[in-house]
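Student: sequence-free structure coming up:
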């Protein structure tokens, strides 16, 4: 009889495992509050409509021969091999038995408990986040268009603040700039000079994981694009009107997007499995959680002992694929090798049809790299449907511009 | 100096007026909480993803030479010719002066004050309504997919109830049936036998404004499609669990869509302009509100004295176009003729690639009429972009099916 494999999550780790695994060996159940896979590297592009939301998601049910449960995993009983769950919509409780468990629940946005962030900032991890941002950006422009308000008030609505100078924050700022440059001038003509984009970063530079020259290039390029980069700055408090910075100043804002990295999810926090000081599950080189031979952990929520890897989509994707193959080999009674990460480098879009590439073979920036960036992600999209839709979106934008309808 | 023309609304009446009017004659301001035009005849198709939301909307700002304010009109001062408004987002108040005013605010869904409808039912007038329905439909299927629940509970989640047997209700039921037939069988295979679609209509038949044979055809066709039609039925109460019907029965439900027609909006209710017993603005044959020569009313919110017309998109569209032309002629000092409605008949989609046509020249039903239905609405779409997007959606569905991702 096939063993029960339970996978928690539908992100890069879980999805690439599910795509790789041979469904005849296992009776597979997938548990996640999200019933689709999201191609996160292109998520910033959806915030202003460069790409549509449904172009970069893939329903998990398009994979055949799996049981999917749209629910949160609450906790695990490792003695009886049971996962306890809660329906994401109705809050009904249920449980699922496993022989093998793969934990790929990811992490959640880290607000560092800074007052007001949870209530007033917008995040950028899920499609629903991107949709909220898209609506809010247009609302800001519509609000600033009304009569009887002062220039100062208009400028307030049009002050877009991004906290966090990592790839997500930088790419959102870049997309926003493109939108202002290519669409606002046309559709909100009288406002285009009033817009401000401010990127706040706690460290000394943005894109700090990239090659120093590329980071510097981005700083200079953003300056030319009128994107204000404030390094060595921390937001210490947010309320409905002001953002308070650690230098004692405060300013009004229209939209605050928060992308300062991630932290452990509720599932990880409450789990009794072995965790490190970041509340990530500690695994061996085979991605098995320490002390268990039937529980695996991968992606952002896991860390291999003495071999930490960056928390990126690329790593999670490779780990998922590795786990799928490993489980196939185990089912066939074959030996497995330890996981080995192959670093293909990093890419980032910086706006104005320019991108950065920091790969082992090639480091570069500019328009050619932009073409490279698009090609790579286009290739990496997980389905033919996604590829056709993304191509169509790019083509549509050239022809008609971005849609500013608000709903 | 050009006169100030203020248009309230962005529906069929307002939009076709704005498209027709010569912008050099007027300084035009448009006020509406919705910053886009919505092609409502295809709205039911978006509830299950046959067509995507953005394929049938057109940003009002794509029209050149108008000022748009995303706001509610609250009331009018007809002595000083001022419209008082409130920002739809921030609730900031402002006012706009007019020389000529065109009121095309439409109506809102009528709940008949039936207890629980406002809280528990889903409506189908705006894109945001359609999006909520789409999310809820998928949630129902996901909830019904969970383990540890009884067949009865699954059936409850999958009981889709539509109240109102007019074109919107019928077309929603039809789209839902297509979704069940074409996608559920594939993606929620074990559930497809548990789904129920129930259409509740207070009158003796559905599509009562259509030719009697076509109405009968739809009743029979729905029966064959396992869509239960309950005529002579009224919902008397709704709570979070049950729908209560006037025959004393009650039943559990997964989703209730309410489409029993419209009633006056808050703007109409609170207006001091001359209104009839349905709170619609009374106009003369030139669409001028009774007693005013600089205030026009058109579309659902208006009624011509002694010449009531059906409250359809077609009527509003013709009235808007008429008003645009009339204002152009007035600006040129030319005479204008009274408005005359040219009835092109009605169309409705009933599912399974069948449609109805009830036009002066042709009455029919079936697949050929379905092609006719698609062709007519395709032609009527207001922009090249909309046409390309809708065509692409139809094509995409044939290739890949509907997207069941939930966000």
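Tutor: Now that the structure is in, tell me what you want to look at. Here the structure is a predicted model, which is why all the values come from computation and not from measurement. Numbering: from 1, shown residues only, chains lettered A, B, ... in the order given.
Student: From the chain's centroid, how far away is the lowest-mean-pLDDT helix or strand in chain A?
Tutor: The helix or strand of chain A with the poorest confidence is helix A:185-187; it has a mean of 91 (mean pLDDT, DSSP states H and E). Mean-position distance between helix A:185-187 and its chain equals 30 Å (C-alpha atoms, centre = their mean, to the nearest Å).
Student: and the helix or strand harbouring residue A:128, what other elements does it pack with?
Tutor: Residue A:128 belongs to helix A:127-144 when elements are defined using DSSP states H and E. Applying 3 or more C-beta pairs under 8 Å, 6 or more residues apart in numbering or on different chains; DSSP states H and E, we find helix A:127-144 packed against helix A:43-46, helix A:151-157, helix A:167-179, strand A:255-258, strand B:67-77. C-beta coordinates here come from the backbone N, C-alpha and C atoms, glycine included.
Student: For that helix, what is the distance to the chain centroid?
Tutor: For helix A:127-144, the separation from the chain centroid amounts to 18 Å (computed by C-alpha atoms, centre = their mean).
Student: what is residue A:228 paired to in the beta sheet?
Tutor: Beta bridges link residue A:228 to residue A:198 when assigned by DSSP bridges.
Student: what's the closest non-adjacent residue to the residue of chain A positioned farthest from its centre?
Tutor: The C-alpha centroid of chain A is most remote from residue A:148, which lies 39.4 Å away (C-alpha atoms, centre = their mean). The shortest distance from residue A:148 to any non-neighbouring residue, by C-beta to C-beta, 6 or more residues apart in numbering or on different chains, is to residue B:94 (4.1 Å).
Student: Residue A:184 now?
Tutor: Per C-beta to C-beta, 6+ apart, closest to residue A:184 is residue A:192, 5.0 Å.
Student: Run a quick neighbour tally on that neighbour.
Tutor: By the criterion of other C-beta atoms under 10 Å in any protein chain shown, residue A:192 has 16 neighbours.
Student: How about residue A:213?
Tutor: As a burial measure, residue A:213 scores 13 neighbours (other C-beta under 10 Å).
Student: what's the answer for the one 4 residues further on, then?
Tutor: Burial measure for residue A:217: 19 neighbouring residues, criterion other C-beta under 10 Å.
Student: Helix or strand: which one has it?
Tutor: According to DSSP H and E, residue A:217 maps onto helix A:212-224.
Student: got the angle between that helix and helix A:167-179?
Tutor: 30 degrees (axes from the mean of the first three to the mean of the last three C-alpha atoms, to 10 degrees).
Student: May I have the beta-bridge partners of the residue nearest to residue A:383 when sequence neighbours are not counted?
Tutor: Sequence neighbours aside, residue A:58 is the residue nearest to residue A:383 in space, at 5.3 Å (criterion: C-beta to C-beta, 6+ apart). Residue A:58 forms beta bridges with residue A:37, as assigned by DSSP bridges.
Student: OK, contacts around residue A:275?
Tutor: Residue A:275 is in contact with A:264, A:268, A:281, A:282, counting by C-beta atoms under 8 Å, 6 or more residues apart in numbering or on different chains.
Student: mind putting the residues you listed in a markdown table, neighbour count, distance to residue B:66 and pLDDT included?
Tutor: Converted to a markdown table, the contacts of residue A:275 look like this (neighbours: other C-beta atoms under 10 Å in any protein chain shown; distance: C-beta to C-beta, whole Å; pLDDT from 0 to 100):
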| residue | neighbour count | distance to residue B:66 | pLDDT |
| --- | --- | --- | --- |
| A:264 | 21 | 51 | 98 |
| A:268 | 23 | 52 | 98 |
| A:281 | 26 | 57 | 98 |
| A:282 | 18 | 61 | 98 |
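Student: Of the residues you listed, which are in range of chain B?
Tutor: Of the residues in these, proximity to chain B by C-beta under 8 Å from any C-beta of the partner chain holds for none.
Student: And the residues you listed, which two are furthest apart?
Tutor: Largest separation among these by C-beta to C-beta: A:264 and A:282, giving 12.8 Å.
Student: can you give me the end-to-end distance of stretch A:194-213?
Tutor: Stretch A:194-213 has an end-to-end distance of 31 Å (C-alpha to C-alpha, to the nearest Å).
Student: What residues of it count as buried?
Tutor: Across stretch A:194-213, burial judged by 16 or more other C-beta atoms under 10 Å in any protein chain shown covers A:194-202, A:205-207, A:210-211.
Student: What parts of the stretch 251-400 of chain A come near chain B?
Tutor: When proximity is defined as C-beta under 8 Å from any C-beta, the stretch 251-400 of chain A approaches chain B at A:385, A:388, A:389, A:392, A:396, A:399, A:400.
Student: elements contacting the helix or strand harbouring the fifth one?
Tutor: In this structure, residue A:396 is located in helix A:384-400 according to DSSP H and E. The criterion is 3+ C-beta pairs under 8 Å, 6+ apart, and the helices and strands that helix A:384-400 contacts are strand A:57-59, helix A:367-380, helix B:384-400.
Student: right, so those: which one is the most enclosed?
Tutor: strand A:57-59 (a mean of 24; mean count of other C-beta atoms under 10 Å in any protein chain shown).
Student: got a list of contacts for that one?
Tutor: Counting by C-beta under 8 Å, 6+ apart, A:15, A:35-39, A:127, A:382-383, A:385-386, B:187, B:403-405, B:407 sit against strand A:57-59.
Student: again, only using 10 Å
Tutor: Contact partners of strand A:57-59, identified using C-beta atoms under 10 Å, 6 or more residues apart in numbering or on different chains, comprise A:10, A:15, A:19, A:34-39, A:43, A:46, A:68, A:126-127, A:381-383, A:385-386, A:389, B:138, B:183, B:187, B:401-407.
Student: as a whole number, average confidence for it?
Tutor: Mean per-residue pLDDT for strand A:57-59: 97.
Student: what's the answer for stretch A:84-94, then?
Tutor: In this model, stretch A:84-94 carries a mean pLDDT of 93.
Student: And the contacts of it?
Tutor: By C-beta under 10 Å, 6+ apart, the residues outside stretch A:84-94 that reach it are A:6, A:8, A:29, A:31-35, A:69-77, A:83, A:95-96, B:135-136, B:138-140, B:142-143, B:145-149, B:153, B:157, B:406.
Student: Bridged to residue A:304, which residues?
Tutor: With DSSP bridges as the rule, residue A:304 is bridged to residue A:283.
Student: Distance of it relative to residue A:15?
Tutor: Distance, residue A:304 to residue A:15, using C-beta to C-beta, to the nearest Å: 20 Å.
Student: Who has more neighbours out of the two?
Tutor: Using other C-beta under 10 Å, the more surrounded residue of residue A:304 and residue A:15 is residue A:15, with 27 against 23.
Student: tell me what the strand or helix carrying that one is packed against?
Tutor: Assessed by DSSP H and E, residue A:15 sits inside helix A:12-20. With contacts taken as 3 or more C-beta pairs under 10 Å, 6 or more residues apart in numbering or on different chains; DSSP states H and E, helix A:12-20 sits against strand A:3-8, strand A:26-32, strand A:36-38, strand A:100-103, strand A:295-297, helix A:313-331.
Student: I'd like these laid out as JSON lines, including mean neighbour count and mean pLDDT.
Tutor: Listed next are those as JSON lines, based on neighbours: other C-beta atoms under 10 Å in any protein chain shown; pLDDT from 0 to 100:
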{"stretch": "strand A:3-8", "mean neighbour count": "24", "mean pLDDT": "98"}
{"stretch": "strand A:26-32", "mean neighbour count": "22", "mean pLDDT": "98"}
{"stretch": "strand A:36-38", "mean neighbour count": "26", "mean pLDDT": "98"}
{"stretch": "strand A:100-103", "mean neighbour count": "26", "mean pLDDT": "98"}
{"stretch": "strand A:295-297", "mean neighbour count": "27", "mean pLDDT": "98"}
{"stretch": "helix A:313-331", "mean neighbour count": "21", "mean pLDDT": "98"}
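Student: Next, count neighbours for the closest residue to chain B within the stretch 151-300 of chain A.
Tutor: With C-beta to the nearest C-beta as the measure, residue A:187 is the residue of the stretch 151-300 of chain A nearest to chain B, at 4.4 Å. Counted with other C-beta under 10 Å, residues neighbouring residue A:187 total 22.
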